[in-house]
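1. Turn this into a structure:
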Amino acid sequence: MEAVEGEKKGGVVLQGRYEIGRVLGRGNFGRVHVARDLRTGKSVAMKVVTKEKVVRAGMVEQIMREIGVMKRVSHPNIVELHEVMATRTKIYLALELVRGGELFGRIVRLGRVREDVARHYFRQLISAVDFCHSRGVYHRDLKPENLLLDEAGNLKVVDFGLSALADHARADGLLHTLCGTPGYTAPEVLRDKGYDGAKADLWSCGVILYVLLAGSLPFADDNIVTMYRKVQRGDYRCPTWLSTDARRLIPRLLDPNPSTRITVPQLVETPWFTKTSISKPISIEPPAADPAPAPACAAQEEGEKDEPETLNAFHLISLSEGFDLSPLFEGDSANGRREGGMLFATREPASGVISRLEAAAARGGGGMRVTKSGARGVRLEGSESRGTKGRLAVAADIFSVAPSVLVVDVKKDGGDTLEYRSFCSEQLRPALQDIVWAATDPPGTAAV
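-> Down below sits the predicted model:
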């Protein structure tokens, strides 16, 4: 194995950081090993991707997308990407090690599961999917084979290789790539006329719920054309042994019309989803040390304060100008650079940063509208188009890296690049110059 720097307890050592152990599985582009982090002693799953195989298969973009997406989705029910390393011939992804196997394997062994157990898994699946959607990430290949179980019986979503980001949508606001797994793919995806990624993911969640409760696919057929016709018509039957609440929920998830299909805010209020199970073989709460974020549909309590999201070290690396995934593949051009974006640290509280951004929006008589963007930033949008690509829009995300230090990530979110650069130089930088702080400066010293 390349990049071995020595031997330790009979195993090879990768770049002095990880002791590589036995093979857990094999894929088209490499292997997955058990590995031990020599710095912490904890075990991880080390995915080893061979660059030559990826390039030959034309899958460079898919691997880069998977890495990029996993950097932005940190959730108790999503497998965590700890670290990415690369050598001349390989890419190494250090992932959270999940020891319980695939949910698919449990279904194969046991057949259908009790409704309280299915509810436990389904709640965690919806929590993870809703979090992804709030970050503009659509999985597009949700199925039991891509759902792992940890030792405590908690579900973990994996394999973001077919995922898409909100900015991948075309001018019509829809995604158009035909992808997914037969039997789990939404009918609007199969029509190839554009689809909403969030609604397509919810269809897949509905199929997964059906499989959990019935032990079989709702649209199963040996002839794939016949199966697709069933999908388009919503032609399936709910088993009679399902509870009334389950038989009412499944048709709302497996609605062939995406415009009337149930949404996450509606789903989490349904009687089946909210029911408290009498028997609790598995805790339905995430670990106390790593709580799941509230669903995007949850209303904020009156008087509750918005707190900036906390960044870990991997997030900081991913935000830096130098973290461009294209160098992972030799010969690829660095095409992921920011278009004049700003990334800076500040000791100013979040409310002060937002006030400065509002002041920047008001400068120059541009009449930019300021709106809240989640609990961690704001969005500035022009009232009229001055460039060739529509209204200028600027997104500013605010993250906490220490009790008194914030990182602000400002980037173009729409409109013309030249107009954006002019706005940054003439309005944004003057409004922010006295709160930008560099780690090398003494406390209280501003860096322009």
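
2. Downstream of the biggest helix by length in the chain, the next helix or strand is which one?
-> The longest helix of the chain (DSSP state H) is helix 115-134. Proceeding N to C from helix 115-134, the next assigned helix or strand is strand 137-138, under DSSP states H and E.

3. In the helix or strand following that following strand, which residues are buried?
-> Using DSSP H and E, the next helix or strand after strand 137-138 towards the C-terminus is strand 147-149. Using 16 or more other CB atoms under 10 Å as the test for burial, strand 147-149 gives 147-149. For every residue, glycine as well, the C-beta is placed using N, CA and C.

4. which helices and strands does the longest helix of the chain pack with?
-> strand 155-157, helix 197-214, helix 264-267, helix 271-274 (3 or more CB pairs under 8 Å, 6 or more residues apart in numbering; DSSP states H and E).

5. Adding pLDDT and distance to V353, write the buried residues of strand 147-149 out as TSV.
-> As requested, these are exported to TSV (pLDDT from 0 to 100; distance: CB to CB, whole Å):
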residue	pLDDT	distance to V353
L147	94	38
L148	93	38
L149	92	41
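
6. of those residues, closest to S259?
-> S259 lies nearest to L147 out of the buried residues of strand 147-149, by CB to CB, at 27.4 Å.

7. what bridges to the closest one?
-> Counting by DSSP bridges, L147 is bridged to V157.

8. So it is in contact with L125, correct?
-> Yes: applying CB atoms under 8 Å as the test, L147 and L125 come out as touching, 6.8 Å apart.

9. quick one on the thing from earlier: with respect to G173, which of the helices and strands packed on helix 115-134 lies nearest?
-> Closest among these, using CB to CB: helix 197-214, at 10.4 Å.

10. so what does that closest one touch, helix or strand wise?
-> Helix 197-214 packs on helix 115-134, strand 137-138, helix 187-191, helix 244-253, helix 264-267, going by 3+ CB pairs under 8 Å, 6+ apart.

11. Below-threshold pLDDT in the stretch 251-400 of the chain: ranges please.
-> Residue ranges of the stretch 251-400 of the chain with pLDDT under 70: 277-341, 364-367, 373-376, 384-389.

12. element containing the nearest residue to L81 once chain neighbours are set aside?
-> Nearest residue to L81, sequence neighbours excluded (CB to CB, 6 or more residues apart in numbering): M70, at 4.0 Å. Using DSSP H and E, M70 sits in helix 60-72.

13. so that helix versus helix 115-134, what angle?
-> 100 degrees (axes from the mean of the first three to the mean of the last three CA atoms, to 10 degrees).

14. Quick check: what element follows helix 60-72 along the chain?
-> Next helix or strand after helix 60-72 toward the C-terminus (DSSP H and E): strand 81-86.

15. what inclination does that next one have with respect to helix 60-72?
-> Per the same axes, to 10 degrees, the angle that strand 81-86 makes with helix 60-72 is 140 degrees.

16. ok, T226 - how many residues close by?
-> Close neighbours of T226, defined as other CB atoms under 10 Å, add up to 12.

17. Alpha carbons only: can I get the helix or strand hosting it in PDB?
-> Using DSSP H and E, T226 falls within helix 224-233. What follows is helix 224-233, C-alpha atoms only, in PDB (Å, rounded to 0.1, in the frame of the first residue of the first chain):
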ATOM      1  CA  ILE A 224     -38.700  -3.700 -15.000                       C
ATOM      2  CA  VAL A 225     -41.000  -2.000 -17.600                       C
ATOM      3  CA  THR A 226     -44.100  -3.300 -15.800                       C
ATOM      4  CA  MET A 227     -42.600  -2.200 -12.500                       C
ATOM      5  CA  TYR A 228     -42.100   1.300 -13.800                       C
ATOM      6  CA  ARG A 229     -45.700   1.400 -15.000                       C
ATOM      7  CA  LYS A 230     -46.800   0.400 -11.500                       C
ATOM      8  CA  VAL A 231     -44.700   3.200 -10.000                       C
ATOM      9  CA  GLN A 232     -46.200   5.800 -12.400                       C
ATOM     10  CA  ARG A 233     -49.700   4.700 -11.400                       C
END
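
18. average pLDDT across that helix?
-> Helix 224-233 comes out with an average pLDDT of 91.

19. hang on, the earlier thing: can the helices and strands packed on helix 115-134 go into TSV with extra columns for mean neighbour count and distance to K372?
-> Output for the helices and strands packed on helix 115-134, formatted as TSV (neighbours: other CB atoms under 10 Å; distance: least, CB to CB, whole Å):
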stretch	mean neighbour count	distance to K372
strand 155-157	22	28
helix 197-214	24	20
helix 264-267	17	18
helix 271-274	15	28
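
20. Any chance of a markdown table for these, columns distance to T50?
-> What follows is the helices and strands packed on helix 115-134, written out as a markdown table (distance: least, CB to CB, whole Å):
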| stretch | distance to T50 |
| --- | --- |
| strand 155-157 | 25 |
| helix 197-214 | 30 |
| helix 264-267 | 38 |
| helix 271-274 | 43 |
